[in-house]
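S.K.: Would you be able to build a 3D model of this:
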Amino acid sequence: MPRLISSPTIIQAAGNKSKRIEELIGRVNTDTDSVSIARMTSPGGWSEPGQSPEFDEYTVVLRGLLQVESQDGITDVRAR
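M.R.: Okay, here's the model as predicted:
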């Protein structure tokens, strides 16, 4: 049966500057462990400690640039 998610849950983010996370689907808002879908708004220069989540996480860059650092190197992801 379809489930209407009426609003996101605001989650406090780790990092060197204030970042807003509005979780639509995930552990906090829907008790979903397998995937996280959230809108995140980050200020320029924001960074956080490395993570290895136990769920699938996808990122869509709507504006600006996201620099992702992994064990394989650094990838710049620009909005299109």
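S.K.: burial measure for residue 28, as a count.
M.R.: Residues contacting residue 28 under the criterion other CB atoms under 10 Å number 15. Yep, even glycine has a C-beta here, placed from its N, CA and C like the rest.
S.K.: That one is in what secondary structure piece?
M.R.: For residue 28, there is no helix or strand it lies in under DSSP states H and E.
S.K.: What strands line up against the helix or strand bottoming out on mean pLDDT in the chain, and which way round?
M.R.: Every helix and strand in the chain was compared by mean pLDDT, DSSP states H and E; the lowest is strand 56-57, with a mean of 79. When sheet partners are counted by DSSP bridges, strand 56-57 sits next to strand 35-41 (parallel).
S.K.: which residues touch the partner strand?
M.R.: 8, 11, 13, 19-27, 53, 55-58 (CB atoms under 8 Å, 6 or more residues apart in numbering).
S.K.: could you dump it to PDB, C-alpha only?
M.R.: Extracted C-alpha coordinates of strand 35-41, given in PDB (Å, rounded to 0.1, in the frame of the first residue of the first chain):
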ATOM      1  CA  VAL A  35      18.300   3.600   2.000                       C
ATOM      2  CA  SER A  36      18.400   7.300   2.900                       C
ATOM      3  CA  ILE A  37      16.700  10.000   0.900                       C
ATOM      4  CA  ALA A  38      17.200  13.500   2.200                       C
ATOM      5  CA  ARG A  39      17.600  17.100   1.200                       C
ATOM      6  CA  MET A  40      20.800  18.500   2.500                       C
ATOM      7  CA  THR A  41      21.800  22.200   2.400                       C
END
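S.K.: Pull out the buried positions in it.
M.R.: 36-38 (16 or more other CB atoms under 10 Å).
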